[in-house]
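Novice: 3D model of this:
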Amino acid sequence: MSPLFRLPFRSDPGMILHVIAFLLAITPLWPQAQFHVERDKVFASEGDVVSSEIKLFPAKKEAGRIFVQPLSFPGARTVQFHFRVVQAAPGWRIRFVDRKGREMWSVSSDTVGTDFWSDEIKVADAQLELWSDVADNQVQIIVPEVLRNDHKFVPQAIINQMPVPITGQSPEIQKWGKAVARLKIAGNDKKGWYCTGFLVDTNVLMTNRHCVHSESEMQSAILYFDYDGKTTPVKSNLLEQLQCDEGLDFALFRVSAISQRPSLKLANIRDLSDVPKLLLIEHPGGEVKKVSIAGCIVRGVHLTGLSDQQTDFGHRCDTLGGSSGSPVMNLISGEVVGLHHEGTIGTDPQLANQAVYMGLILDKMRDTTDASNRQCSFQPHH
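Specialist: Residues are numbered from 1 along each chain as shown. Presented below is the predicted three-dimensional model:
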């Protein structure tokens, strides 16, 4: 069996085998306790999840295109569709096409389960189609809800200067940024939310624990790599939760395969007294990839985090709602020293955002005896 992922940190490599064996034994678990968070303060929202009455039946009896639904969502820039198969049958395919018949997105019965989400669809002059490989296909599919993107993001939590586009940075910083993704989620609270995440190994993504609350939110999530405004984004999905911790506010997910995508190296560090300059790569407000460099320094070496322990450090790197889950990096080495998870609103130069020390997260990842690695209850997050 091949390893689940390698821990890219400076520590005893002999521990890696123990971590791999432990994580491979984990079955994703989504406890029922409610996880509370003031998402309006720490996330960025661009839309609402609304009920839908779309039914892809009754359908034609012959093989081929058996159902067509023109789409109309006035005022929405894009729409993400939640599909549910209520009567299963093989041999079907869903397509979205534009007015010229060009395919925008598709999925087939052999690649998804009975409950899944589409990509974001530009719905102007688009239509939804159901195709069948066989005659008299008895499949029945509904769209119980859709996520409309029609809100204008209002910046929050700016404390220093605005982040700047990554496309204007050095080749080295742009290379680091290849591992960072925009994460979009259809929330259980009927809102569309953004976070940031980054690869720590092949097809393994780290983000904040508070970004994804449930299995249904995980299924709705879309990752956008290379979302920088100048290249075509590479999309991926969250497949399963591998590990998490409430107090350190981190979660690891296996993601759908992405070829030739670099990961970031994690620094086994618990004190930033000797790290003068930081860098934060993010998707603030769900916007294109940006970086915070100017004024991006440590402000408070040991701060209390979500628990009563001093798990965090303060930093003056600019963030907005949607920057949750961003890597805070050593500007010189490019190693990730912390996981950003708390923004501060205001312009007081004494204020600071907060990140969890990566060394503490690595300790948790290595601790295969800790029962909390198997079960992450959704406790209140403030």
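Novice: wait, residue 182 sits on residue 194?
Specialist: Yes. Using C-beta atoms under 8 Å, residue 182 is in contact with residue 194, at 6.6 Å. C-beta here means a position set from N, CA and C on the backbone, and glycine is covered the same way.
Novice: For the two, list the residues in contact with both.
Specialist: 283, 286 (C-beta atoms under 8 Å, 6 or more residues apart in numbering).
Novice: Can you name the residues that contact residue 234?
Specialist: Residues in contact with residue 234 (C-beta under 8 Å, 6+ apart) are 224-226, 258, 261.
Novice: please redo it, this time with the cut-off set to 6 Å
Specialist: 225-226 (C-beta atoms under 6 Å, 6 or more residues apart in numbering).
Novice: Need the per-residue pLDDT for it.
Specialist: Predicted confidence (pLDDT) for residue 234: 94.
Novice: From residue 301, how far off is residue 355?
Specialist: Distance of residue 355 to residue 301, given as C-beta to C-beta, to the nearest Å: 12 Å.
Novice: Between the two, which has more neighbouring residues?
Specialist: Shown here are residue 355 and residue 301; by other C-beta atoms under 10 Å, residue 355 has more neighbours (30 against 16).
Novice: what separates the residue lying closest to the more buried one once chain neighbours are set aside from residue 356, distance-wise?
Specialist: Distances taken as C-beta to C-beta, 6 or more residues apart in numbering put residue 338 closest to residue 355, at 3.3 Å, once the chain neighbours are dropped. Distance, residue 338 to residue 356, using C-beta to C-beta: 6 Å.
Novice: Which one of these two is surrounded by more residues?
Specialist: The neighbour count for residue 338 versus residue 356, taken as other C-beta under 10 Å, is higher for residue 338 (31 against 26).
Novice: what's the helix or strand for the more buried one?
Specialist: strand 336-342 (DSSP states H and E).
Novice: strands paired with whichever helix or strand comes after that strand, and their directions?
Specialist: Counting by DSSP H and E, the element after strand 336-342 in chain order, helix or strand, is strand 353-357. Using DSSP bridges, the strands paired with strand 353-357 are strand 312-315 (antiparallel), strand 336-342 (antiparallel).
Novice: Output whichever helix or strand comes after strand 353-357 as PDB - backbone C-alpha positions only.
Specialist: Going down the chain from strand 353-357, the next helix or strand is helix 358-366, by DSSP H and E. What follows is helix 358-366, C-alpha atoms only, in PDB (Å, rounded to 0.1, in the frame of the first residue of the first chain):
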ATOM      1  CA  MET A 358       2.800  24.900  12.500                       C
ATOM      2  CA  GLY A 359       5.100  23.000  14.900                       C
ATOM      3  CA  LEU A 360       2.100  22.400  17.200                       C
ATOM      4  CA  ILE A 361       0.000  21.200  14.300                       C
ATOM      5  CA  LEU A 362       2.800  18.800  13.300                       C
ATOM      6  CA  ASP A 363       2.900  17.500  16.900                       C
ATOM      7  CA  LYS A 364      -0.800  16.700  16.600                       C
ATOM      8  CA  MET A 365      -0.300  15.000  13.200                       C
ATOM      9  CA  ARG A 366       2.400  12.800  14.700                       C
END
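Novice: thinking again about what came up before, tell me what the residue nearest to residue 355 is bridged to.
Specialist: Beta bridges link residue 338 to residue 328, residue 357 when assigned by DSSP bridges.
Novice: so where do the helices sit in the stretch 101-250 of the chain?
Specialist: For the stretch 101-250 of the chain, the helices defined by DSSP state H, counting those that start in this stretch occupy 171-177, 215-220.
Novice: could you dump the first one to CSV, C-alpha only?
Specialist: This means helix 171-177. Taking C-alpha atoms only, helix 171-177 is exported to CSV below (Å, rounded to 0.1, in the frame of the first residue of the first chain):
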residue,chain,number,x,y,z
PRO,A,171,9.0,33.6,-9.7
GLU,A,172,9.8,31.9,-6.4
ILE,A,173,6.7,33.4,-4.6
GLN,A,174,4.5,32.5,-7.6
LYS,A,175,5.8,28.9,-7.5
TRP,A,176,4.9,28.7,-3.8
GLY,A,177,1.5,30.1,-4.7
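Novice: Now that helix: average pLDDT?
Specialist: pLDDT averaged over helix 171-177 gives 97.
Novice: Contacts for that helix, please.
Specialist: Taking C-beta under 6 Å, 6+ apart as the rule, helix 171-177 contacts 166, 281, 289, 334.
Novice: hmm, try it at 10 Å
Specialist: 166-170, 198, 225-226, 228, 262, 264-265, 279, 281-282, 289-291, 293, 327, 329, 331, 334-336 (C-beta atoms under 10 Å, 6 or more residues apart in numbering).
Novice: Can you tell me the number of residues neighbouring residue 307?
Specialist: 13.
Novice: Helix or strand: which one has it?
Specialist: Applying DSSP H and E, one finds residue 307 in no helix or strand.
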